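Asker: Below are the sequence and a predicted model; questions follow.
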Amino acid sequence: MRWRTVAKHLMIVSYGPQHSFHHEWVYNEADIDNAKVVWARGMNTLQNCQLVNFFKDRRIWLLEVNNDNSIIEPMPYPVNQCR
């Protein structure tokens, strides 16, 4: 996976309508600022961009989760919409 090649990441998780709320993807370490991966739930564009700007030293990814039976590959988050 390409996303493992960079030291720090922000993973924005977008849940689809088929996703079961019993299967949570977003968990973080207690020391979130020093975690290698920070997980966040996808919100609206303005709120996502606030996360992107706060964690600008990280590689930003979008993970779209619709159901829990498929293999999910993160894709680069479109950070150009935040500028």
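Answerer: Arrived safely, thanks for sending.
Asker: can you dump the C-alpha coordinates of stretch 47-64 into CSV?
Answerer: Output of stretch 47-64 as CSV, limited to C-alpha atoms (Å, rounded to 0.1, in the frame of the first residue of the first chain):
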residue,chain,number,x,y,z
GLN,A,47,-14.7,21.1,8.6
ASN,A,48,-12.5,18.6,6.7
CYS,A,49,-10.4,21.5,5.4
GLN,A,50,-9.9,22.7,9.0
LEU,A,51,-8.5,19.2,9.8
VAL,A,52,-6.3,19.2,6.7
ASN,A,53,-4.9,22.6,7.6
PHE,A,54,-4.3,21.7,11.2
PHE,A,55,-2.5,18.4,10.2
LYS,A,56,-0.7,20.0,7.2
ASP,A,57,2.5,18.1,8.0
ARG,A,58,0.8,14.8,7.3
ARG,A,59,-0.2,12.9,4.2
ILE,A,60,-4.0,13.2,3.9
TRP,A,61,-6.2,10.2,2.9
LEU,A,62,-9.8,9.6,2.3
LEU,A,63,-11.2,6.2,3.2
GLU,A,64,-14.7,5.5,2.0
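Asker: Off-centre distance for that stretch?
Answerer: 7 Å (Cα atoms, centre = their mean, to the nearest Å).
Asker: Buried residues of it, list them for me.
Answerer: Of the residues in stretch 47-64, 48, 49, 51, 52, 55, 58, 59, 60, 61, 62, 63 count as buried by neighbour count, 16 or more other Cβ atoms under 10 Å. (Each C-beta comes from the backbone N, C-alpha and C, glycine too.)
Asker: what bits of this structure have low per-residue confidence?
Answerer: For the chain, the stretches flagged by pLDDT under 70 are 1-6, 68-71.
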